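[1] sequence plus the predicted model coming up.
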Amino acid sequence: MKPFVSKLLWLLGVPLVLGLAMLAGGEEGIMSAGLMLMFLMPAYLVIGCLLAIFSREYAETGKALVLASGVMLVVGLSTCGIILASM
């Protein structure tokens, strides 16, 4: 497996698995999973952009962070939004 794919899977897997585990906790779990992803996704985006632009050593990690934030935006926040809309 390429290092970029490995970094991307770790950066995506950990927050999404934690979010899915929080969803099992009822209404408070749904709100906390949504809040976690809502604050984590912009942090991934900002840190990833800074790393990709200013760091040669960690540019690949920065690109993985930017891509992970986009995937979390599409998958995680839309899922939590659909769940919250159905409450």
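    Everything's here; your move.
[2] from here on, just use CA atoms for contacts and neighbour counts.
    Noted.
[3] what is the helix of greatest length in the chain packed up against?
    Looking across the chain with DSSP state H, the single longest helix is helix 27-54. The elements that helix 27-54 packs onto, with contact taken as 3 or more CA pairs under 8 Å, 6 or more residues apart in numbering; DSSP states H and E, are helix 3-23, helix 59-72, helix 78-85.
[4] now those helices in a markdown table, with mean neighbour count and distance to residue 40?
    Shown next, in a markdown table, are the helices and strands packed on helix 27-54 (neighbours: other CA atoms under 10 Å; distance: least, CA to CA, whole Å):
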| stretch | mean neighbour count | distance to residue 40 |
| --- | --- | --- |
| helix 3-23 | 15 | 8 |
| helix 59-72 | 21 | 8 |
| helix 78-85 | 14 | 14 |
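[5] mean pLDDT for the ones you listed: which is lowest?
    Here those differ in mean pLDDT, and the lowest is helix 78-85 at a mean of 76.
[6] wait, residue 12 sits on residue 70?
    No: applying CA atoms under 8 Å, one finds residue 12 not in contact with residue 70, separated by 10.0 Å.
[7] list the residues that contact the residue positioned nearest the centre of the chain.
    When the chain is reduced to its mean C-alpha position, the closest residue under CA atoms, centre = their mean turns out to be residue 72, at 4.2 Å. By CA atoms under 8 Å, 6 or more residues apart in numbering, residue 72 lies in contact with 12, 16, 37, 41.
[8] ok, now residue 17?
    Going by CA under 8 Å, 6+ apart, the list of residues near residue 17 is empty.
[9] same thing with the one 5 residues further on?
    For residue 22, the contact set (CA under 8 Å, 6+ apart) comprises 29, 30, 32, 33.
[10] and if we set it to 7 Å?
    29, 30, 33 (CA atoms under 7 Å, 6 or more residues apart in numbering).
[11] now render the residues you listed as JSON lines, adding distance to residue 85 and pLDDT.
    Below are those laid out as JSON lines (distance: CA to CA, whole Å; pLDDT from 0 to 100):
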{"residue": "29", "distance to residue 85": "15", "pLDDT": "84"}
{"residue": "30", "distance to residue 85": "11", "pLDDT": "80"}
{"residue": "33", "distance to residue 85": "15", "pLDDT": "82"}
